[in-house]
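**Student:** for reference, the sequence and a predicted model appear below.
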Amino acid sequence: MSAALWSRFVCRWLLAARRARVPAGMRVWRRPEFRCLLRAGLAYADLVRGPPGQPIRHFRGLNMQLSRAAAIADRVTSFAIALCAMVVVIAIARREFFGTQAAKAQDASGVRPPRVIAEWAEVLATARQPYDSAALLTVVTFFDAECPFCRRYEASLRAWRNQMGPRVTLLAVHFPLPQHRFARPAARALECARVQGRFDPMLAHVFASQDSLGLRPWDDIASDAGVSRLQDFRECVRAAGPIPGVEEGVSLGIRLGISGTPAVIVNGRLYWSPPDTGELTRLASAAGLFAASSGH
């Protein structure tokens, strides 16, 4: 079988595999550049294959057989294209599968430690709750009110903090993501509740009402959160323009390299992935929280 036929066979087989049902994690088969590469291989194989009995097709209407050397050169070229296609496919697959597994292995083994940030004082100033200088452990979360992962992480943090006691402080910084339609309106509602000293209760109720954001009026959520001056709250929510405290959080998060939520900073160290409560307990112990508790 000629190299052109082999190229056509390999490309057809890979296209069939791409159309078949494959595991969701095998995203490489569905990449558009992968399909274009295989289509190009098929087109070239059709060009050089020619009709039966004529291995090399007449090119641009020239009714002459190519010389033996030219025919060999065409076969070598078609084989090289097929080989390059296979190399590119293997490279993409290796990056998709083994690269992801290596990154997970790094995170699991702690090879990639949290990064110490120089902007810790600015983070504390941008947080929407007051900073307690007496706290031994301060956990700052960059959050999006429409992010379901933020809702679950916030709930686990609150439960963990209730066990740890007052020497642990939880702070929040706005980081509404552009793909979430109600993230910025929710951030404005949170800031309007903060004016009346009800930021934390409002945050809890916004997360609890996450599935109905945009359907349930903000003043209903504010009423459940204990916001007393509802008329002032309504006027605040209807205001236009930049949202105080929100733009600062977004700008700071971008400078820190944050691109998703929740992003967590603990005592000045930015974590690549949010630490779980077990890791936070270990950090609290290292900060002397349990020794301070036993001393009291």
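**Tutor:** Perfect, thanks for sending it.

**Student:** give me the number of residues near the residue nearest to Arg158 when sequence neighbours are not counted?
**Tutor:** Nearest in space to Arg158, with sequence neighbours left out and distances taken as CB to CB, 6 or more residues apart in numbering, is Leu170 at 7.2 Å. In short, each C-beta sits where N, CA and C put it, glycine included. Leu170: 19 surrounding residues under other CB atoms under 10 Å.

**Student:** how close does Leu170 get to Asp200?
**Tutor:** 9 Å (CB to CB, to the nearest Å).

**Student:** in three-state terms, label the spatially closest residue to Val195 that is not a sequence neighbour for me.
**Tutor:** Leaving out its chain neighbours, the residue that sits closest to Val195 by CB to CB, 6+ apart is Cys236, at 6.7 Å. Three-state assignment for Cys236 (DSSP: H, G, I helix; E, B strand; the rest coil): helix.

**Student:** ok, Cys236 - contacts?
**Tutor:** For Cys236, the contacting residues are 188, 191-192, 195, by CB atoms under 8 Å, 6 or more residues apart in numbering.

**Student:** got it, and Pro114?
**Tutor:** When contacts are counted by CB under 8 Å, 6+ apart, Pro114 touches 266, 269-272.

**Student:** any stretches of the stretch 51-200 of the chain with poor pLDDT?
**Tutor:** Along the stretch 51-200 of the chain, the parts satisfying pLDDT under 70 run over 51-74, 78, 84, 87-89, 91-111.

**Student:** can you pull out the strands in it?
**Tutor:** 115-116, 137-143, 168-174 (DSSP state E, counting those that start in this stretch).

**Student:** the last one pairs with which strands?
**Tutor:** So the one you mean is strand 168-174. Paired neighbours of strand 168-174 in the sheet (DSSP bridges): strand 137-143 (parallel).

**Student:** give me the contacts around the strand it pairs with.
**Tutor:** Strand 137-143 is touched from outside by 123-124, 127, 131-132, 150, 153-154, 157, 161, 164, 167-175, 249, 253, 258, 261-267, 274, 280, 283-284, 287, 289, with contacts defined as CB under 8 Å, 6+ apart.

**Student:** ok so, going back, put the buried members of the contacts of Cys236 into a PyMOL selection.
**Tutor:** In PyMOL syntax, the buried subset of the contacts of Cys236 is picked out as below (16 or more other CB atoms under 10 Å):
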select buried, resi 188+191+192
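
**Student:** adding distance to Leu215, write the contacts of Cys236 out as TSV.
**Tutor:** What follows is the contacts of Cys236, written out as TSV (distance: CB to CB, whole Å):
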residue	distance to Leu215
Arg188	17
Glu191	21
Cys192	19
Val195	24
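
**Student:** between which two of the contacts of Cys236 is the distance greatest?
**Tutor:** Using CB to CB, these span at most 11.1 Å, a distance reached by Arg188 and Val195.

**Student:** need the pLDDT of Ala204.
**Tutor:** For Ala204, the pLDDT comes out at 96.

**Student:** that one and Leu283, how far apart?
**Tutor:** For Ala204 relative to Leu283 (CB to CB), the value is 24 Å.

**Student:** can you give me the first-to-last residue distance of stretch 244-262?
**Tutor:** From its first residue to its last, stretch 244-262 covers 20 Å (CA to CA, to the nearest Å).

**Student:** which residues touch it?
**Tutor:** For stretch 244-262, the external contacting residues (CB under 8 Å, 6+ apart) are 117, 119, 122-123, 126, 128, 141-144, 147, 149-150, 153-154, 173-177, 184, 187-188, 191, 194, 263, 270, 274.
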